[in-house]
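**Student:** build me a structure from this.
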Amino acid sequence: MNSNFTKNIISAFLFVLFFSFSLSAQQDNVIITESQSSVIFEDQMISIEGTLTECDNKTQGIDNSYVILKITNKTQQTRNFRIQQDLFYDGVCSTCNSDEYLFTFSLAPGEVLKGNCYENNQKLKLYHHMPEHLSPVKLTNYQLNVSHL
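**Tutor:** Now for the predicted structure:
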């Protein structure tokens, strides 16, 4: 075998190993505290639950709370729908009529999508608040307007 080829393989292996270790170390350093889930929206086809979740990331020094969404396709057919997130911070709707908070979904039969603390995907994670000494802004209400396509 060519020695350059062997070096490249070893370098690639070490990079993947290091990257995997970094990701797991970052995830291990996040303390997650979940409250009780509640149903936000439900019809014959889909169900959406929300769980207030504290995501305390010790590595990044971020201690934010989110409403993590869990969307379930309750049917045996693929379901396509949109969700408009109307988010009220301190009583004022900050996202009403904003296309930035209009998301399209396609769920396979029985599929479940759930957000988490690690991703920055706002489709499945609503910002709730951060510690009050950093920002007094807080999610006081929200509505998910669902339209089936």
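**Student:** leaving out chain neighbours, which residue sits closest to the residue nearest the centre of the chain?
**Tutor:** Centroid check for the chain by Cα atoms, centre = their mean gives Gly115 as the closest residue, at 3.2 Å. Sequence neighbours aside, Leu124 is the residue nearest to Gly115 in space, at 2.9 Å (criterion: Cβ to Cβ, 6 or more residues apart in numbering). Where C-beta positions appear, they are placed from N, C-alpha and C, glycine not excepted.
**Student:** residues in contact with that neighbour?
**Tutor:** Neighbouring residues of Leu124 by Cβ atoms under 8 Å, 6 or more residues apart in numbering: 68-71, 113-116.
**Student:** tell me the one among those nearest to Tyr101.
**Tutor:** Leu69 (12.6 Å; Cβ to Cβ).
**Student:** buried set for the helix or strand where Ser147 lies?
**Tutor:** When elements are assigned from DSSP states H and E, Ser147 belongs to strand 139-148. For strand 139-148, burial by neighbour count (16 or more other Cβ atoms under 10 Å) applies to 139, 142, 144, 146.
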